[in-house]
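> dropping the sequence and predicted coords here.
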Amino acid sequence: MPAQPKIIPSSVFGTLRARLRSLRLRVIGLLILALLPAFALMVFTASESRSRVVEETQNNALRLTELAAANQRQLIDGARDILITLAQIPAIQSQDRAACLFFLSNVLMQHPLYANFGAADGVGDVFCMTFPQRMPFNIANENYYQQSMTNRDFAISEYQISDTNSQAIITLAYPVLDIFGEPQGIVFATLDLRWLGPFMNAAPLSEDSTLRVIDRNGIILASYPDGEIEIGQSMPESSIVRLILDENIGLTQGRDANGIARLYAYTPLHAGADSDVYMIISIPTEAAFAESNRILERNLIARL
């Protein structure tokens, strides 16, 4: 009779399966142990990369704010030189309205970054101005007029939001002196913050970056790209505002009003001696880390 096949007990199969499963787990464990140093190195490299990105991004933003502040100082210095020259013009000294207006209009065409040029007499009545304004128009109570007349020198107002065009402006003034050196009025120029628009467009910033200028009360004087929508409103990131007012210049991280993580760089935007105005550039953290995240993802895929 043919030999009957031996029947292997099911317990033997169970033992084999358990051993195979244990072996598979050991192999997986060994693979994980072998890959752990590489993964740890990649994570460490990514962390180092993100730290460098934070530092570089914030430093670049800070340099941009400082560059913008320097640009404003140049505009103020330029206005001073222009006004000193205008104070010597016979049409202004004689308060010839028609000749003065013709002359100032040409000056404005040559210096379009300024918003307005004008001249006022010894009691503060403006007798010519390039920006359309209903006459009579008196500025005797304005601090820049009083400072310029009293000190017989260049004066700068604080920022204020214009009633006519909702732009934040400063007014720069210089006295017109008679032959005895007595002030008989002033010439003035106004500078708004619209020059920040081309500056922002030319800046090498990531998408969704913002630029704001705020005063000591956290009121927004200029905003890009939100424009006039935010001007006159309080900056919603109150914790960032408090930090800026405490430190004046620096770098920080935080979240905006929509909960988006951002990197912030801020610096004073100097105007008059009593002017506390600050420029803030913010960059989304996700955009700042985009390149380092792509590198980490590519390395992980290559290892798998």
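Nice, thanks for sending it over.
> average pLDDT for stretch 91-111?
For stretch 91-111, mean pLDDT rounds to 93.
> ditto for stretch 208-224
pLDDT averaged over stretch 208-224 gives 87.
> buried set for that stretch?
Within stretch 208-224, the residues that count as buried by 16 or more other C-beta atoms under 10 Å are 209-215, 218-224. Where C-beta positions appear, they are placed from N, C-alpha and C, glycine not excepted.
> what's the end-to-end length of it?
By C-alpha to C-alpha, to the nearest Å, the extent of stretch 208-224 from end to end equals 10 Å.
> run through who's touching it.
Contact with stretch 208-224 is made by 68, 159, 161, 168, 193, 196-197, 200, 203, 225-226, 229-235, 238, 241, 244-245, 269, 276-284, 287, as judged by C-beta atoms under 8 Å, 6 or more residues apart in numbering.
> Gly122 and Phe103: what is the separation?
Counting by C-beta to C-beta, to the nearest Å, the separation of Gly122 from Phe103 is 20 Å.
> more neighbours: those two, which one.
Taking other C-beta atoms under 10 Å, Gly122 and Phe103 do not tie; Phe103 has more neighbours (20 against 16).
> contact partners for that one?
Each residue near Phe103 by C-beta under 8 Å, 6+ apart is listed here: 86, 89, 91-92.
> coming back round to it: what about the buried residues of stretch 208-224, which are in strands?
Within those, residues falling in strands by DSSP state E are 210-215, 220-224.
> turn those into CSV, columns for distance to Asn143.
Below are those laid out as CSV (distance: C-beta to C-beta, whole Å):
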residue, distance to Asn143
Thr210, 31
Leu211, 28
Arg212, 25
Val213, 20
Ile214, 21
Asp215, 15
Ile220, 22
Leu221, 17
Ala222, 21
Ser223, 26
Tyr224, 28
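> so which of those residues is the closest to Ala265?
Nearest to Ala265 among those, counting by C-beta to C-beta, is Leu211 at 10.1 Å.
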